[in-house]
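Trainee: dropping a prediction and its sequence here:
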Amino acid sequence: MYISVYGEDRSALVRFDSRTKFVIFISSLAVSANSFNATAHEIYCVVLCVMLFLCGKKWNAVKMSLLLGTAVYVRTCMEMQATGSTVVVTIISFILTIFLYCFPILMSLLIITQTTRINQFLSAFQAMHIPTRIVIPIAVMFRFIPTVGEEWTGVRKAMAFRGMSLEPSVIIRHPVKTVEYILIPLLFSCISIMEELAAAALARGMDSDNARTSYETVHLRAYDYITMILFIAAGIWFFATGMVTGGAA
């Protein structure tokens, strides 16, 4: 899936505040780390797909919903035939399980990176009176993730121009070449990206002690409060359930 470097919400059905999206991200971390109820976990994932749809990324929301449904269906079929399963089936089931557990984090990151501009985040954090030494790393982190996605696309195109395939079978048969031709350029590119993002943040005066001005006007609306309360409650419920289940185990 293509991830835009600069998110926008002009086509959003509901324009959620940046702080609401950040609460969704924190809640998703709690859900992924403490999800022991498959049905509740899947419902939470569907709600995140609906949130992405409401934020204006309708086609991406549909694709992620289909991907979620396919993963759940395949894993359910494999669990029904668990008796006498082969090693391949076990590995595929394990990969699908990891994907489903990480799905809330992936969706919350998509909501943030695809529908939020960086100046909206900075204005929201400033309204919360968060110290600058905390704001800069967060801003760089959320902008770093989609930028790496574009760099990965560039590496793939460069390898295709040189006649080097990136199919899984080729990567498995030639792991050393994969590291040499893909990972090393990507790592060096990531280092350069981090330096450029940090320099851009400092050039904008983010390290200044003076209050920054912004064209963005951020304020929480009624649906923002309702959404935050619901997701915080979901995160607490999953965390409490996970503690009880883990303790019982």
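Mentor: It's in.
Trainee: where's residue 160 relative to residue 173, distance?
Mentor: Going from residue 160 to residue 173 by C-beta to C-beta, to the nearest Å gives 18 Å. To be clear about C-beta, it is placed using only N, CA and C from the backbone, and glycine gets the same treatment.
Trainee: what's the following helix or strand after the lowest-mean-pLDDT helix or strand in the chain?
Mentor: Ranking every helix and strand in the chain by mean pLDDT, DSSP states H and E puts helix 168-173 at the bottom, with a mean of 68. The helix or strand immediately downstream of helix 168-173 is helix 175-178, counting by DSSP states H and E.
Trainee: can you tell me the SS state at residue 15?
Mentor: coil (DSSP: H, G, I helix; E, B strand; the rest coil).
Trainee: wait, it touches residue 21, no?
Mentor: No: with contact defined as C-beta atoms under 8 Å, residue 15 does not reach residue 21; the gap is 10.7 Å.
Trainee: between these two, which is the more surrounded one?
Mentor: Between residue 15 and residue 21, counted using other C-beta atoms under 10 Å, the more crowded position is residue 21 (28 against 16).
Trainee: show me the contacts for that one.
Mentor: Neighbouring residues of residue 21 by C-beta atoms under 8 Å, 6 or more residues apart in numbering: 108, 111-112, 115-116.
Trainee: tell me the confidence at residue 52?
Mentor: Reading off the confidence values, residue 52 has pLDDT 91.
Trainee: centroid-nearest residue for this protein?
Mentor: In the chain, the residue lying closest to the centroid (C-alpha atoms, centre = their mean) is residue 109, at 2.4 Å.
Trainee: roughly how far apart are the residue nearest to residue 154 when sequence neighbours are not counted and residue 140?
Mentor: Nearest residue to residue 154, sequence neighbours excluded (C-beta to C-beta, 6 or more residues apart in numbering): residue 189, at 7.9 Å. Residue 189 sits at a distance of 15 Å from residue 140 (criterion: C-beta to C-beta).
Trainee: do the same with residue 132
Mentor: Taken as C-beta to C-beta, the span from residue 132 to residue 140 is 12 Å.
Trainee: do the same with residue 234
Mentor: With C-beta to C-beta as the criterion, residue 234 and residue 140 are 28 Å apart.
Trainee: and residue 129, what element?
Mentor: Counting by DSSP H and E, residue 129 is found in no helix or strand.
Trainee: can you read off the pLDDT for it?
Mentor: The model's pLDDT for residue 129 equals 76.
Trainee: same question for residue 111.
Mentor: 89.
Trainee: what is the burial count for it?
Mentor: 27.
Trainee: from what I can see it touches residue 55, true?
Mentor: Yes: under the criterion of C-beta under 8 Å, residue 111 makes contact with residue 55 at 5.9 Å.
Trainee: may I have stretch 147-158 as PDB, with CA atoms only?
Mentor: This file holds the C-alpha atoms of stretch 147-158, laid out as PDB (Å, rounded to 0.1, in the frame of the first residue of the first chain):
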ATOM      1  CA  THR A 147       9.100   8.500   4.300                       C
ATOM      2  CA  VAL A 148      10.800   5.100   4.700                       C
ATOM      3  CA  GLY A 149       7.900   3.600   2.800                       C
ATOM      4  CA  GLU A 150       8.700   5.900  -0.200                       C
ATOM      5  CA  GLU A 151      12.400   5.100   0.100                       C
ATOM      6  CA  TRP A 152      11.600   1.400   0.000                       C
ATOM      7  CA  THR A 153       9.600   2.000  -3.200                       C
ATOM      8  CA  GLY A 154      12.600   3.800  -4.700                       C
ATOM      9  CA  VAL A 155      14.900   0.900  -3.800                       C
ATOM     10  CA  ARG A 156      12.600  -1.600  -5.500                       C
ATOM     11  CA  LYS A 157      12.400   0.500  -8.700                       C
ATOM     12  CA  ALA A 158      16.200   0.900  -8.700                       C
END
